[in-house]
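Chemist: please work out how this folds:
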Amino acid sequence: MKMNNLGGSGLLVSELCLGSMTWGTQNTAEEAHAQIDHALDAGINFIDTAEMYPVNPVSAHTVGRTEQIIGQWLEKDKRRKEVILATKHSGEGLEHVRDGAPISSKTIAATIEGSLRRLKTDYIDLYQFHWPNRGSYMFRNNWRFDPSNQDRTETIAHMEDAMAALQAEVERGTIRHFGLSNESAWGMTMWSQMAKQTGGPRPISIQNEYSLMCRMADTDVAEACINENIDMFAFSPMATGLLTGKYQGGAVPEGSRLSLNPDLGGRKGPRAFEAVDAYLKVAADHGLDPVHMALAWCCQRSFVGSVIFGATSMGQLEVALGSTQVTLDNAVFEALDEVNRTHPLPY
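Modeler: You can find the predicted model right below:
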């Protein structure tokens, strides 16, 4: 398994990261623990979670359950030093967590303490803000994104406030590194500048949606990643399963995400299925498994530090792991770029 120095921080993470958002709804604790064991045996050392998980659905009585499941594994297995653990602080608007309170110095310390209790550990390797207080264009909000109501002075004051609280946690030893999620290129740059001005922890990663079907990061965010030394931490690289081809022809496999989330978070539609057909053809033309192709493509992007994938079965996990043995050549990249030109942002 290839290891990458995340954001030049010295934090060495596997190119694939094991996602956990189904642990506690679609997966039992026992299944989650089996996934962790198998992933570590295969060379993965990176697990990503969030205080709000699991999803499908997010509910008041399940918030925090995924962290608890990981904590149970850590308590039982005693391999904490072998795992790079990332979690996230929920932002404004999620009513099930702190009644939708925004991220601030008033919430950071207590939120970290809550995650530490559930995870049964005394430190978090990568602590991320799940989405910005000012809002985000991610999750299909890009179609009507309007930043004109943002208050720059308020945003800068929030960043200064949060930086001080984060630095206090670094000094206390509860977090090692800081990361962003669902952020813009401007936000990334401002957080980097604020870290330099205040002496707080600089962001080393940006966890945004990124896949063959969601390439918004290719321009401004990619440029910010390179220039600010922030690595992309890509989520949903399989486009919520669309790129496997399992939903083509109207199929809805039992227990699949589509069976639980009928529009796949706004991703389902005729243009999406047309794009998937084109990507599946590229895989077939080049003798590639479509899962391997999609994951390897993300891993080979110059600004990507790790790629998060989720599995609801050991079979899915095993297939995903096979992508680490695949290297795409220029012919495949050119074919995939041509599909992107023909089917840009298909959801």
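Chemist: ok, now which ones touch the closest residue to Thr155 other than its chain neighbours?
Modeler: Nearest non-adjacent residue to Thr155, counting by C-beta to C-beta, 6 or more residues apart in numbering: Arg134, 5.5 Å away. For every residue, glycine as well, the C-beta is placed using N, CA and C. Contacts for Arg134 (C-beta atoms under 8 Å, 6 or more residues apart in numbering) come out as Pro147, Gln150, Glu154, Thr155, Gly187.
Chemist: same question, Tyr127
Modeler: Counted by C-beta under 8 Å, 6+ apart, Tyr127 has contacts Ala86, Thr87, Lys88, His89, Ile112, Leu166, Glu169, Ile175, His177, Phe178, Gly179.
Chemist: that one should be in a strand, yeah?
Modeler: Yes: counting by DSSP: H, G, I helix; E, B strand; the rest coil, Tyr127 falls inside a strand.
Chemist: bridging residues for it?
Modeler: Thr87, Phe178 (DSSP bridges).
Chemist: measure it to Thr62 for me?
Modeler: Between Tyr127 and Thr62 the distance, using C-beta to C-beta, to the nearest Å, works out to 21 Å.
Chemist: am I right that Val170 is in contact with Met163?
Modeler: No: in this structure, Val170 is not within contact of Met163 by C-beta atoms under 8 Å, at 10.3 Å.
Chemist: mind listing the shared neighbours of those two?
Modeler: Common contacts of Val170 and Met163, defined by C-beta under 8 Å, 6+ apart, comprise Gly200, Pro201.
Chemist: looks to me like the residue nearest to Thr155 is in a helix.
Modeler: No: under three-state DSSP, Arg134 sits outside any helix and is assigned coil.
Chemist: got the contact list for the residue nearest to Ile204 when sequence neighbours are not counted?
Modeler: Nearest non-adjacent residue to Ile204, counting by C-beta to C-beta, 6+ apart: Gly7, 2.9 Å away. For Gly7, the contacting residues are His177, Arg202, Pro203, Ile204, Ser205, Asn229, Ile230, Asp231, Gly305, by C-beta under 8 Å, 6+ apart.
Chemist: hmm, 10 Å instead?
Modeler: Residues near Gly7 by C-beta atoms under 10 Å, 6 or more residues apart in numbering: 13, 126, 177-179, 202-206, 225, 228-233, 305.
Chemist: span of stretch 144-152 from start to end?
Modeler: Using C-alpha to C-alpha, to the nearest Å, the gap from the first to the last residue of stretch 144-152 comes to 20 Å.
Chemist: who are the packing partners of the helix or strand bottoming out on mean pLDDT in the chain?
Modeler: Lowest mean confidence among the helices and strands of the chain (mean pLDDT, DSSP states H and E): helix 257-260, at a mean of 94. Helix 257-260 is packed against no helix or strand, with contacts defined by 3 or more C-beta pairs under 10 Å, 6 or more residues apart in numbering; DSSP states H and E.
Chemist: that helix: what's the following helix or strand?
Modeler: Next in sequence after helix 257-260, counting helices and strands by DSSP states H and E, comes helix 270-285.
Chemist: any idea of the mean pLDDT in that following helix?
Modeler: Helix 270-285 shows a mean pLDDT of 98.
Chemist: can you list the helices and strands that it packs against?
Modeler: Applying 3+ C-beta pairs under 10 Å, 6+ apart, we find helix 270-285 packed against helix 290-299, helix 330-342.
Chemist: so which of these is the most packed in?
Modeler: Of all the helices and strands packed on helix 270-285, helix 290-299 carries the top mean neighbour count, a mean of 23, counting by mean count of other C-beta atoms under 10 Å.
Chemist: burial measure for His38, as a count.
Modeler: 16 (other C-beta atoms under 10 Å).
Chemist: quick check: chain neighbours aside, which residue is closest to it?
Modeler: Nearest to His38 is Leu317, by C-beta to C-beta, 6+ apart, at 6.1 Å.
Chemist: surely the one you found and Leu40 touch.
Modeler: No: with contact defined as C-beta atoms under 10 Å, Leu317 does not reach Leu40; the gap is 11.7 Å.
Chemist: which residues are in contact with both of those two?
Modeler: By C-beta under 10 Å, 6+ apart, the residues touching both Leu317 and Leu40 are Leu18.
Chemist: what's the longest helix in this protein?
Modeler: Using DSSP state H, we find that the single longest helix of the chain is helix 152-172.
Chemist: now that one: buried residues?
Modeler: Thr155, His158, Met159, Asp161, Ala162, Met163, Ala165, Leu166, Gln167, Glu169 (16 or more other C-beta atoms under 10 Å).
Chemist: buried ones only from the contacts of Tyr127, please, as a PyMOL command.
Modeler: Per 16+ other C-beta under 10 Å, the buried members of these correspond to this PyMOL selection:
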select buried, resi 86+87+88+89+112+166+169+175+177+178+179
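Chemist: which of the contacts of Tyr127 lies closest to Glu95?
Modeler: Proximity of these to Glu95 (C-beta to C-beta) peaks at His89, which lies at 15.6 Å.
Chemist: and the strands in this structure?
Modeler: 3-5, 12-14, 16-19, 46-48, 84-89, 124-129, 175-181, 203-207, 231-234, 304-309 (DSSP state E).
Chemist: nearest to Gln72 among the contacts of Arg134?
Modeler: Nearest to Gln72 among the contacts of Arg134, with distances taken as C-beta to C-beta, is Gly187, at 34.6 Å.
Chemist: from memory that closest one sits against Ile156, does it?
Modeler: No: counting by C-beta under 10 Å, Gly187 sits too far from Ile156 to count as a contact (11.3 Å).
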